[in-house]
Structure formats: C-alpha cells, structure tokens
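**Student:** Structure for the following, please:
(one chain, ligands or ions: 1)
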Amino acid sequence: MNLDDMYRETILDHNQNPRNRGHLENPTKTVGLLNPTCGDEIALELELDGEKVSDVRFSGQGCSISMASASMLTEAVKGKSAEQALALAKNFKEFLTGSQNPENLGDLEALHGVSQFPSRVKCATLAHNALEKALSDKES
Ligand code: ZN
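**Tutor:** Prediction:
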C-alpha cells in the first residue's frame, strides 16, 4: 500500500465512520458555515471548559472532503486548549496552501493531496474556519 492509498483509506474511513458527528446538549459555541462553491454546510458545536475545548460535535452535509475534514478536526481538537486548537487550524491551512510542513496534524495529513486542487481547499478548510470563528468570536 503506498502513501496515497493510505491517505485515501483514512479519508474514506472518516466518511464512513464520522467521529463526533451529532449535537451537544449544551454547546458553549455554535458556528455554521457554508462553502457555496461546492455546497458544503457545516455546523460546529463546542463545549468550552474555561480555555479548554472539552467536547465538540459537527453536523451538516457536503462532499467527502468537507465531511472527512470536519470529522478529523473534531478528533484533533477535543481536549486541547482554545489556543492549541486555533494553532492547529492555522497550521492545517498553511499546510494545505503548501507553505508549511505538517506538525502533529494526525489524520488531517491525509488531506494533503487537496492542496493540488485550490477549489477543494475550501472544502477541506470549512470546518477549520468554523472553529476559528467559534474561538475568536467573543460575542456569541
Ligand atoms: Zn466540498
């Protein structure tokens, strides 16, 4: 099995068995985002315990890239501090635009192939943008 196949398997696995899909009983933050170029819709629910992301869920619908990325993201940020979660989202976006080597991205590294398709980068970063919005928006 080569690296591309391994990546494909990982993306497929997150599509078939999405992690943290559903709703939280008492989300601290809920952010919904739309990617109109593809039609992806994602809502991210976060439960914050002080500065810590104690729980996270996503819901919505879209292409396999957007759904797999959301699933991977929720898995990656659960239990992290808000600061660490924001750093991960930033790191992932830089990784996809080719300016950064991956650092502790876990399964998200499987989305590297997306960097060759600028239109799909929006699919892969949708959940990350929702996370950034949820954690930087002090109002809601
Ligand atoms: Zn998409």
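**Student:** Quick one: name the residues of the chain near the ion.
**Tutor:** 38, 40, 62, 63, 66, 123 (Cβ under 5 Å from the ion). No exception for glycine: its C-beta is placed from N, CA and C like everyone else's.
**Student:** so what's the residue nearest to residue 104 when sequence neighbours are not counted up against?
**Tutor:** Nearest residue to residue 104, sequence neighbours excluded (Cβ to Cβ, 6 or more residues apart in numbering): residue 88, at 7.6 Å. Contact analysis of residue 88 by Cβ atoms under 8 Å, 6 or more residues apart in numbering lists 73, 76, 77, 80, 104, 105.
**Student:** Where does pLDDT dip in this structure?
**Tutor:** 1, 99-100, 137-140 (pLDDT under 70).
**Student:** Let me see the ranges of the strands in it.
**Tutor:** 29-35, 40-49, 52-61 (DSSP state E).
**Student:** how about TSV for the ones you listed, with mean neighbour count added?
**Tutor:** Compiled in TSV, the strands of the chain are given as follows (neighbours: other Cβ atoms under 10 Å):
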stretch	mean neighbour count
strand 29-35	18
strand 40-49	21
strand 52-61	19
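**Student:** will you turn those strands into CSV that also has distance to residue 129?
**Tutor:** Below are those laid out as CSV (distance: least, Cβ to Cβ, whole Å):
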stretch, distance to residue 129
strand 29-35, 6
strand 40-49, 9
strand 52-61, 13
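**Student:** separation between residue 17 and residue 2?
**Tutor:** Separation of residue 17 from residue 2 (Cβ to Cβ, to the nearest Å) stands at 23 Å.
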